[in-house]
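Visitor: how would this look folded up:
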Amino acid sequence: MPATPTAPAFSLRHALFPLIAILLWSGNVMVSRLSAHTIDPYAITFWRLVLAVTLMSLFVPAAAWRNRAAILPQLPKLAFLGLLAMALFQCLSYAAAKTTTATNMSIMTALVPLLTMLLSVALLGETPTAGMACGGVLSFAGLVWLITAGHPAALLAGGVHTGDLLMLVAALAYALYGVLLRRWHVGLPSWQSTYFQAIAALLFMLLPLSRLPLAEALPNRASLPLIAYAGSLASVVLPYFWMQGVKHLGPNRCSMFMNLLPVFTAALAVSVFGEQLHAYHLLGGVTALAGVMLAQTWRAPLAWRRMQARSTIDTNAG
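Guide: The predicted model follows:
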């Protein structure tokens with residue numbers, strides 16, 4: 001029998017890779033908040049992609065040209081992946097920052113691993129687990145408590161911030177991106193895949209950017225540092241550290257680090273923006289993240305699935 005593949009060994013040194021990536025991601029949430037009243041969401045998404053593609057063009061094209069036979073058939077898939085993760089997710093995040101807090105944004109983003117697992121059941125036919133079911137309910141309850149500031153009845157009164165809903169849609173888009181990455185198996189080196197996704201996203205952003213007045217489409221002095229961070233550290237350096245983390249620790253262990261995103265972001269939000277942490281942030285956020293952790297760690301199949309599988313075996317045996 002072939003040996004069962006094992007997860008890469010855990011080491012504190014390798015844990016620095018996803019840890020640094022999450023720190024940079026927290027900084028990017030801050031950039032989103034700072035950009036809310038500085039530059040249009042379409043514009044900052046476009047210009048960050050311009051910078052990211054320019055930087056990656058320094059070291060990716062030569063290897064990509066040698067690998068062009070493998071890349072060309074994957075271009076339609078790469079284009080759609082780029083639309084989801086680098087255009088839609090980013091635009092929605094920047095738009096959400098206008099009407100919600102950095103803390104709320106980070107908690108919504110930290111739900112991506114759970115949303116990815118739930119979408120995998122629907123799109124990949126994966127077996128639902130007890131952790132998914134219980135964790136999904138727990139996270140939903142925490143999310144409702146968070147976005148209604150501890151007053152769930154506000155949902156019926158339409159009192160939820162638009163930014164919270166936009167950020168939830170953004171998280172769903174990113175979760176779909178993760179599911180499609182697994183389903184399509186594009187089989188390209190990570191940098192090459194990221195590079196062509198970024199180019200596709202940049203092309204997609206040309207249309208919405210062209211509809212903006214010239215003064216809103218161009219960067220200004222206040223937005224240049226934000227674009228620099230988003231286009232370099234968040235779009236090039238962050239993916240490098242995350243890919244190294246996945247390489248050395250495996251995707252499941254790395255996904256656990258996303259639970260730290262709200263912690264780092266909240267610390268920055270309090271110190272940079274003076275955002276206040278309220279009891280509903282703590283209760284709603286901890287409950288939502290507890291649901292994510294439950295889904296990631298409790299992998300037992302749901303009881304009805306086990307019964308269904310046992311029934312199938314008994315039928316075949318008969």
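Visitor: okay, CA-based contacts and neighbour counts for the rest of this
Guide: OK.
Visitor: where do the helices sit along the stretch 1-150 of the chain?
Guide: Applying DSSP state H, counting those that start in this stretch to the stretch 1-150 of the chain gives helices spanning 12-35, 41-56, 61-66, 68-71, 75-82, 89-96, 102-110, 112-124, 130-147.
Visitor: quick one: closest of the ones you listed to Pro262.
Guide: Distance to Pro262, taken as Cα to Cα, is lowest for helix 102-110 among the helices of the stretch 1-150 of the chain, at 4.9 Å.
Visitor: picking up where we left off before, among the helices of the stretch 1-150 of the chain, which is the most enclosed?
Guide: Across the helices of the stretch 1-150 of the chain, the average number of neighbours (mean count of other Cα atoms under 10 Å) peaks for helix 102-110, which reaches a mean of 26.
Visitor: helices or strands up against whichever strand or helix holds Met167?
Guide: Assignment of secondary structure by DSSP states H and E places Met167 within helix 162-184. Using 3 or more Cα pairs under 8 Å, 6 or more residues apart in numbering; DSSP states H and E, the elements in contact with helix 162-184 are helix 75-82, helix 89-96, helix 102-110, helix 112-124.
Visitor: what comes into contact with the first one?
Guide: Spelled out, that is helix 75-82. Tyr177, Leu180, Leu181, Trp184, Val186, Ser193, Phe196, Gln197, Ala198, Ile199, Ala200, Ala201 (Cα atoms under 8 Å, 6 or more residues apart in numbering).
Visitor: neighbour count and distance to Gln74 added to those residues, as a markdown table?
Guide: Below are the contacts of helix 75-82 laid out as a markdown table (neighbours: other Cα atoms under 10 Å; distance: Cα to Cα, whole Å):
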| residue | neighbour count | distance to Gln74 |
| --- | --- | --- |
| Tyr177 | 21 | 15 |
| Leu180 | 20 | 13 |
| Leu181 | 15 | 12 |
| Trp184 | 11 | 9 |
| Val186 | 18 | 6 |
| Ser193 | 21 | 9 |
| Phe196 | 23 | 10 |
| Gln197 | 26 | 11 |
| Ala198 | 27 | 14 |
| Ile199 | 21 | 14 |
| Ala200 | 22 | 12 |
| Ala201 | 26 | 15 |
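Visitor: can I get these in JSON lines including distance to Val237 and pLDDT?
Guide: Below are the contacts of helix 75-82 laid out as JSON lines (distance: Cα to Cα, whole Å; pLDDT from 0 to 100):
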{"residue": "Tyr177", "distance to Val237": "20", "pLDDT": "93"}
{"residue": "Leu180", "distance to Val237": "23", "pLDDT": "93"}
{"residue": "Leu181", "distance to Val237": "20", "pLDDT": "89"}
{"residue": "Trp184", "distance to Val237": "25", "pLDDT": "90"}
{"residue": "Val186", "distance to Val237": "22", "pLDDT": "87"}
{"residue": "Ser193", "distance to Val237": "15", "pLDDT": "95"}
{"residue": "Phe196", "distance to Val237": "17", "pLDDT": "97"}
{"residue": "Gln197", "distance to Val237": "16", "pLDDT": "96"}
{"residue": "Ala198", "distance to Val237": "14", "pLDDT": "97"}
{"residue": "Ile199", "distance to Val237": "17", "pLDDT": "97"}
{"residue": "Ala200", "distance to Val237": "20", "pLDDT": "97"}
{"residue": "Ala201", "distance to Val237": "18", "pLDDT": "97"}
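Visitor: make CSV from these and add distance to Phe89 to it.
Guide: Output for those, formatted as CSV (distance: Cα to Cα, whole Å):
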residue, distance to Phe89
Tyr177, 10
Leu180, 15
Leu181, 15
Trp184, 20
Val186, 21
Ser193, 17
Phe196, 17
Gln197, 13
Ala198, 13
Ile199, 15
Ala200, 14
Ala201, 11
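Visitor: to Ile147, which of the helices and strands packed on helix 162-184 lies closest?
Guide: Comparing the helices and strands packed on helix 162-184 by Cα to Cα, helix 102-110 comes nearest, at 7.5 Å.
Visitor: look up how far Leu180 lies from the residue nearest to Gly291 when sequence neighbours are not counted.
Guide: Closest residue to Gly291 apart from its sequence neighbours, by Cα to Cα, 6 or more residues apart in numbering: Gly135 at 3.7 Å. Separation of Gly135 from Leu180 (Cα to Cα, to the nearest Å): 22 Å.
Visitor: now do the SS call for Trp242.
Guide: helix (DSSP: H, G, I helix; E, B strand; the rest coil).
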